[in-house]
Each structure stands twice: as structure tokens, then as C-alpha cells.
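Participant: this is the structure alone, sequence omitted:
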């Protein structure tokens, strides 16, 4: 692993990795009339060619030959179903794309001065940024929190929700946790000097503004001085920030230097205004505008940054998923709590008087959820909250900018995953055109009032557990979108690029992410159908395009993966093949390639993405099967977080060997159909074999495949003796308890005398206080970065 001069490790760049590091423009280019027309024509042609295939191939076969055999009839119907579903998904892609182009054509950016005027003195809508984190690298977390802390917003609070075990026994894990906990306090300390400087300057600027309607030359010179100071502070911070990879480069260039350049531009404009002042000192800038500019500096460098760990408290949910990490803190908003020690650990008890509280969690009108590997551009909060506070958006619960990818990826697979991410950004923007927006999850501004509407409460172990973001499936944001719709709320994607998120850099981490994405859509689909019925019962109009887009979003991975398996595996009758099928798919592939070029990639990447999806097909099928498993067993599927490490993540052998099996079977199919002169199937099989082989070599790697399979084949040779002994002890205890229950005798549990607290708390001998809680220091003696009462 190469290492920078500052000690920061960076991933070795592969041949074929991305060279471009410049991100895409924040504002989408206005599409030309030609582009808009071609999108509409593509939709029409897709439908027309599908109808032509149904009429001139399938129906004609039945009219000419009738139901000549059960096999042919079954083949014809199944082939028609597969082609119809795949064509429907392609059509939805084109419809969403067209909606995005129409939104980009009409979008007008709100001027800077109008934003400043809206958030002028008197705006009281606190915003809390929640950054859920589990086993993340501290430097990755710091980058995310810095991008949030430098947001220009009048009342901003950032909370790092650390979900790691609070008392790890491994020294390396404990040291990493301490570095993670220190991130918030370090950033808070670094912001203290500029925040204090600009708050004092704002105080004097407001006093001076009350005395004169026009800003004096001296006042503007002072304002220029503060802007120059902020510019220098940001550039110094940028020099001190280690650049280890393309994400660090983006943060350095677009967040730190981007903000510095903007402040320098403002100071240059102010100096030009001073130079143009007349002899009487009239600058042409009102005192109110000067105060707004000073207020902007204050808001940009003022934020409260803190840390919260739900697993320190026994009455909060400890379920291992991101949704419950968010829910635990959202449920505390606006409350005051005191610490109470019990046998199960520390409990947060609500109190009425904040003066009696050990922990005070301020209320917040808006909540911004932000993944720990995401980065926001500087005016994300300002623009999205402004959008929510417009009268016509009173029923919008969630607004977001679907994240884009960081450019300059060091690996081929990360570059291609980034390409699909940027295409998805366009499609999500188009779904908002038809009211079919889904909460994507990496970033979103949410009305707290809307979260209260979808709140669900249950009692677990005597404690009240609140759910806002659903954790029934591993795609919690999708189900929460449906819940909000049931309560009359809508969601909208803001039509700009203001957020970026990391994409998996290797095949192993990509497997974890895509298997999670493929799991859950089928489970949420029945709830969406109930939502449609409820909305229609309320008299709301539910458009057919909205329904089609939403159903496609939730179920297309299932029917797309299974349909492709049918096409790959089954030797369909050559009479069912027709050029009309290829012509129906041609507009989709043509415009997909055009959009790749628009996003800064190559048109030929469409072929690479096809091969990429081929090797991911087993992963998608596994996710779909997990959904079916959950539907049959009614048990939650464990939430698998995408690994975010600088080294390569090993891949399960099944997902490494399956792509090779696809290649072998495609070659076998080609040989069989070639000998049978079934030319259509032969060409299709050869095409799949070629692109899947390329994808294996380029994105998995031959040597990496050998290593991952070797690890799988030899892992039985290695075991942890302590873990094995613990499993044996647990099995012996379970057998003893089962024998006692069969005999009608309560199992005896020896309670040490020092566990009398556990007996008094739990009320019986069968439960003792866990060792890690018995040894737990009280929160009053722990080092916390939480907001505590004075």
C-alpha cells in the first residue's frame, strides 16, 4: 500500500482507473431541444417495438401454428413475460430520465442575496445533523463532520452517533474508538477561534447598522478584513489536511478551497465597491446587506459538534442497524434526562426541569441524516431548508440531493460503480417530476414534525422504544418513504449536485452494498399498495406513472435478475427470437451511453456496465432470496454495513465462483446453439461470455479470486480456542436448562453475593448483571462530548 509523505496511506491506482478528478457541475446543464425530443422519441420507439414484437412474433406464431405443443406454448408465454418485464424496466429508466431533463430545463437557482434575506435575523428553525457511525475510520468521519460544520446555517448542531461497543476489550479497537470520540471535540476546538471572532464582529456590525442605513467605507473595510482572515484560515487548514486519496482531494478542493475562493470573491467585490464609493463615502451597499454578509461568516464557522453513544444506555435500543441508531437519538430530541444507575446499566430518565438534568437534547425543527462517508457542499443546508420553507412545499417531508460519486477513483470497479451512481442521480431527479421520490438515505433534510407523524412506539423490556425510520428491512429509507406517503407527506429531490458519497473500491465491499440494496423491495411492495388505497380513499390522485416508477424501483432487481437467468440458462425456441427485441432495447442502451458521456465517462462504458451487472447477478439474486426468506420466517435480516477500509475486502467464495460459472455455462450454450444453428441464442451466449470474462478480469481479478477461494477453503483450519470453548459452554448450559424444564424443575443459577443489585432489579435469580455493565463507569465520571446541563 503506497504511503504519502505525511503518512497517509493511499490505495494503489490500477490501470484503467479514472484520471479525471474534477467533479461534475453543481448545476445541471440546461438540456437542448434536441436532447428533450430524442428522449420522447426513445420512449415512443420502445413501446412501439415491444408491441411490434408481441404482434408480429408471438401472436403470429400462435395464429400460424396454434398451440402446437405444451412446451412451445410455455416457452412463448414465459419468454414474453421476461421480455415484457425487462422492456418495462428500460421504459421506466427512459421515463425517469426524461423527467430529469425537464426539471433541469426549468430549474432556476435562488440568488445568494435572496437566501441571505430569507435567513435574516429572526429565523428560528434549528437543524440537527445526525452522522451514524459504526467502525468507521476516524479520518473519514472527520471529513464528513467538517463538511457539515462548515455549512452556512444560523442554528446548527452536529451529533456523531457512535454505534461501536462502548467498552471494547481489544486494545487496537479501543484506541480507534478513542480517536473516533475525539473527532467532535477536536473540530469544536478548531472552530472556536473563528467563531468567537465573527460573533464579536457581528455584534458591532449590528450596532453600526442601526445608526446608518448605508454601510460606510470603514465598515466595508472591516468586513473585507474578516473575509480575508476567513480565506486565510481555510487555506491554512487545507494545507494541513492530508490528501491520501480522491475523497481527500475532493474535500481539499471543493469544500475547503471552494469555500475560501467564494469568500475571496466576496471580499474582492467589496473592495470594488469601496473603490467605486463617491466623495461623500456612499458605497451603494446598505447596512442591512453588510450585516447579512457578516452574519454569513458567523454562521459558517459556528456549529455545536458533539458525540452520542446509545449503547451506553440500557433503555435505548441496541439493535445492530443504522435505523435504530438514528431512532434512539431522534426520540430524545427536545428532552431533558438524568442518569439513573440500575443493574442493567445506565438508564436515561426524563425530567421536566432542565436544571435537574444530566443530559439536555435541544429540540430541532429539521434533522439532516448524513452517512459517515458522505460530503456536503457548502450551501447544502441553506438551500434545502429554504426550499422546505417555501409555502408551496409545506407538505414536503424530505428533500435531498441524491449523492454523486467522487471522481478520480483508484480502481476500475470503483470508477464503474461511480458511473452507475451518477446515472442513478439523474434517474432519482426524474422520479421527483412524477411524485415518485424515494428517500435515498446517504443524506436528507427531514422535517421533525413529519417524523413525529410516522412515529411507532413499543415497549421492550419495560422501556419505551420509538421508531421513526423503519428497520424491518435493510433498506430502511425506502420503507420510511412509503410511511410518509401514508400520512400525506411528499418527498422531493433538489435538482442540484450538493452531496457526494463514497462508492465501494473493491468487489468484496461492493457485494455487501449491492446485496443489501437487492433485499427488501419485495417486502415493502405490499405496504405501498396499501398506501395507494389509503391515498385514493382520501381523494388524492395517484398517477399511473408514479405507481409504475415506484413498483419498478422496488421490484425491478427481482424480476430483472430472474429474467436474465432465464435468458441465459434456457434454450428458447429460435422462432421466438426477433430483431424487434433488440430494437426495443436499443433506445435504452443508446441514451444510457449518451448519459455516461454527459457525466464525464465513455460511451463504451455501457458494455462494461453490462458485464459488471452480469457478475453482480448472483449477488442480486441472493438479496432477493433473503427477502423471500424474511417473508417466510418473519425474522429480520441482519443489517450488513458496507466495509469502508483502505485495504481490500475479501469476497465470499460463492460470489467469486458464480461469475466463472456464468462464463462456463455461456460458452457451453454457445457451443450447443452453434452446432444446432440456433444463431440468435449463440450470439447472445457469446456476447455474455465475452463481457463476463472481461468483468471478472477487470473488476474481481484472477489473483484476488484465487486468494478469496483459498481463504474460504482453508478457514476451517483456523479457529479461536476461546470462542470454541464459549460455544461449548453455551451448548452445555442450554442442554442442562432443557433437561430441567422437561423435569419440571426451574434451572438453578448461582448468584454471587455481589450481584444483589441484579436480583432486586430483575426480581428473580435467572438473570445476572452482565460483566461489561457491572464494570461500567457512570456517565458522570466518563469523558463525554455530549451536551450536558450546567
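Facilitator: Nice, thanks for sending it over. Remember, it's a predicted structure, so these values are computed and weren't measured experimentally. Numbering: from 1, shown residues only.

Participant: break down the stretch 201-350 of the chain into its strands, ranges please.
Facilitator: 304-308, 335-342, 345-351 (DSSP state E, counting those that start in this stretch).

Participant: among those, show me which one is buried the most.
Facilitator: strand 304-308 (a mean of 21; mean count of other C-beta atoms under 10 Å). All C-beta atoms are positioned from the backbone trio N, CA, C, and that covers glycine.

Participant: who are the packing partners of it?
Facilitator: Identification of packing neighbours for strand 304-308 by 3 or more C-beta pairs under 8 Å, 6 or more residues apart in numbering; DSSP states H and E yields strand 156-162, helix 171-209.

Participant: helices or strands up against the first one?
Facilitator: Of the remaining helices and strands, those touching strand 156-162 by 3+ C-beta pairs under 8 Å, 6+ apart are strand 127-133, helix 138-149, helix 171-209, strand 304-308, helix 322-330.

Participant: apply 6 Å and report the result again.
Facilitator: The contact analysis (3 or more C-beta pairs under 6 Å, 6 or more residues apart in numbering; DSSP states H and E) places strand 156-162 against strand 127-133, helix 138-149, strand 304-308.

Participant: any weak-confidence spans in the stretch 651-790 of the chain?
Facilitator: 718-726, 737-790 (pLDDT under 70).

Participant: check the stretch 101-250 of the chain too.
Facilitator: Ranges of the stretch 101-250 of the chain meeting pLDDT under 70: 121.

Participant: try 50
Facilitator: For the stretch 101-250 of the chain, no stretch has pLDDT under 50.

Participant: in a markdown table: the strands of the stretch 201-350 of the chain, plus distance to residue 193 and mean pLDDT.
Facilitator: A markdown table is the format used below for the strands of the stretch 201-350 of the chain (distance: least, C-beta to C-beta, whole Å; pLDDT from 0 to 100):
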| stretch | distance to residue 193 | mean pLDDT |
| --- | --- | --- |
| strand 304-308 | 15 | 97 |
| strand 335-342 | 31 | 92 |
| strand 345-351 | 34 | 91 |
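
Participant: quick one: closest of these to residue 520.
Facilitator: Minimum separation from residue 520 across these (C-beta to C-beta) falls at strand 304-308, 27.0 Å.

Participant: the closest one vs helix 322-330, what angle?
Facilitator: Angle of strand 304-308 versus helix 322-330, following axes from the mean of the first three to the mean of the last three C-alpha atoms, to 10 degrees, is 120 degrees.

Participant: how far does strand 304-308 sit from its chain's centre?
Facilitator: 21 Å (C-alpha atoms, centre = their mean, to the nearest Å).

Participant: which residues does that strand contact?
Facilitator: 149, 157-162, 181, 184, 187-188, 329, 785-787 (C-beta atoms under 6 Å, 6 or more residues apart in numbering).

Participant: how about the helices in the stretch 401-550 of the chain?
Facilitator: 412-433, 448-453, 476-486, 507-517, 521-537, 544-569 (DSSP state H, counting those that start in this stretch).

Participant: dump those into a markdown table; add mean neighbour count and mean pLDDT as well.
Facilitator: What follows is the helices of the stretch 401-550 of the chain, written out as a markdown table (neighbours: other C-beta atoms under 10 Å; pLDDT from 0 to 100):
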| stretch | mean neighbour count | mean pLDDT |
| --- | --- | --- |
| helix 412-433 | 23 | 95 |
| helix 448-453 | 18 | 96 |
| helix 476-486 | 24 | 92 |
| helix 507-517 | 22 | 90 |
| helix 521-537 | 17 | 93 |
| helix 544-569 | 18 | 92 |
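
Participant: can you list these in CSV and add distance to residue 591?
Facilitator: Output for these, formatted as CSV (distance: least, C-beta to C-beta, whole Å):
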stretch, distance to residue 591
helix 412-433, 10
helix 448-453, 35
helix 476-486, 26
helix 507-517, 23
helix 521-537, 24
helix 544-569, 17
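
Participant: and of these, who's closest to residue 76?
Facilitator: With C-beta to C-beta as the criterion, residue 76 lies closest to helix 544-569 of these, at 13.1 Å.

Participant: which elements pack onto that closest one?
Facilitator: Checked by 3+ C-beta pairs under 6 Å, 6+ apart, helix 544-569 has helix 70-106, helix 521-537, helix 605-633 packed alongside it.

Participant: what's the helix or strand just after the longest one packed up against?
Facilitator: Downstream of helix 70-106, the next assigned helix or strand under DSSP states H and E is helix 112-118. Under the contact definition 3+ C-beta pairs under 6 Å, 6+ apart, helix 112-118 sits against helix 380-388.

Participant: out of the helices and strands packed on helix 544-569, nearest to residue 239?
Facilitator: That would be, of the helices and strands packed on helix 544-569 and by C-beta to C-beta, helix 605-633, which comes in at 35.7 Å.

Participant: show me what counts as buried in the closest one.
Facilitator: 605-624, 626-627, 630 (16 or more other C-beta atoms under 10 Å).

Participant: closest one to residue 269 among the helices of the stretch 401-550 of the chain?
Facilitator: helix 412-433 (31.9 Å).

Participant: what does the closest one contact?
Facilitator: Applying C-beta under 6 Å, 6+ apart, the set of residues contacting helix 412-433 is 14, 16-18, 96-97, 99-100, 103, 402, 404-405, 409, 437, 492-493, 495, 503-505, 549, 595, 599, 601, 605, 608, 612, 698-699.

Participant: and stretch 489-499, by the same measure?
Facilitator: 24, 26-27, 103, 107, 376-377, 380, 384, 387, 395-399, 401-404, 428-429, 432, 437, 439, 443, 450, 481.

Participant: excluding chain neighbours, what is closest to residue 587?
Facilitator: residue 42 (3.6 Å; C-beta to C-beta, 6 or more residues apart in numbering).
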